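> sequence and predicted structure, then a few things I'm wondering about:
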2 protein chains.
Amino acid sequence: MKLVQMDFRYTGPFGQEMAEAMQELAESISKEPGFLWKIWTENKENQEAGGIYMFADEESAKKYVAMHTARLKQFGIEQVNAKYFDVNVPLSKIDNGPV
Amino acid sequence: MKLVQMDFRYTGPFGQEMAEAMQELAESISKEPGFLWKIWTENKENQEAGGIYMFADEESAKKYVAMHTARLKQFGIEQVNAKYFDVNVPLSKIDNGPV
């Protein structure tokens, strides 16, 4: 398992409007190789958005991040922060983490 | 719901040793007000660690981050990155996100 946290500057739409605008994108993401899940994140006040992703392995995670970063550039988002992490499963289980 | 991503420079222990060293801390975190869950993150290669947290509301999230940042300082961790996000539930559900 590999967790990826991505975030970037984002000016909207947020909330329900974002959900409607990005439904097809979410459906396509669910079919990416090695993809397990994504929590979609947004912060209207700070004008940021991103996602917490879980992938089956590091290779899938890196391929996805390269593809998604290029796609975000097409939307005008030049700077994307992406960090990769392993999950500490025993500690996460103590804290009810969905792992 | 409020999601918090925290990360910081961390030199170990990692993996099972980390799990043993921080079991009591994980148990105490599970009892914090408004706490829902935490995924414990670690990256030995990049010497980073942190967590993805879900809280019931923003107030609980902010109180926790202030407390935990002060605690990390006692462990010698001076710089902590913390970002707060709302969760886009419809999009997360499409992508099997645990929300």
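That came through, no problem. Everything numeric here is computed off the predicted structure, so don't read it as measured data.
> are the longest helix along chain A and chain B in contact anywhere?
In chain A, with assignment by DSSP state H, the single longest helix is helix A:58-74. No: no part of helix A:58-74 sits close enough to chain B to count as contact by CB under 8 Å from any CB of the partner chain; the gap is at least 10.1 Å. Using the backbone N, CA and C atoms, a C-beta is placed for each residue, glycine as well.
> now stretch A:14-23: buried residues?
A:14, A:18-19, A:22 (16 or more other CB atoms under 10 Å in any protein chain shown).
> residue boundaries of the helices in chain A?
Using DSSP H, helices in chain A cover A:15-21, A:23-29, A:58-74, A:89-94.
> tabulate those helices (JSON lines), appending mean pLDDT.
Converted to JSON lines, the helices of chain A look like this (pLDDT from 0 to 100):
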{"stretch": "helix A:15-21", "mean pLDDT": "98"}
{"stretch": "helix A:23-29", "mean pLDDT": "98"}
{"stretch": "helix A:58-74", "mean pLDDT": "97"}
{"stretch": "helix A:89-94", "mean pLDDT": "98"}
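> winner for burial among those?
helix A:89-94 (a mean of 19; mean count of other CB atoms under 10 Å in any protein chain shown).
> show residues contacting it.
Residues outside helix A:89-94 that contact it (CB atoms under 8 Å, 6 or more residues apart in numbering or on different chains) are A:97, A:99, B:16, B:18-19, B:22-23, B:26-27, B:30, B:38-40.
> go again with 6 Å.
Outside helix A:89-94, the residues that touch it by CB atoms under 6 Å, 6 or more residues apart in numbering or on different chains are A:99, B:19, B:22, B:26-27, B:39-40.
> so what's the gap between it and the chain middle?
22 Å (CA atoms, centre = their mean, to the nearest Å).
> stretch A:10-18 now?
15 Å.
> just the buried residues of stretch A:14-23 that are near chain B?
Checking the buried residues of stretch A:14-23 against chain B by CB under 6 Å from any CB of the partner chain, the ones in range are A:18-19, A:22.
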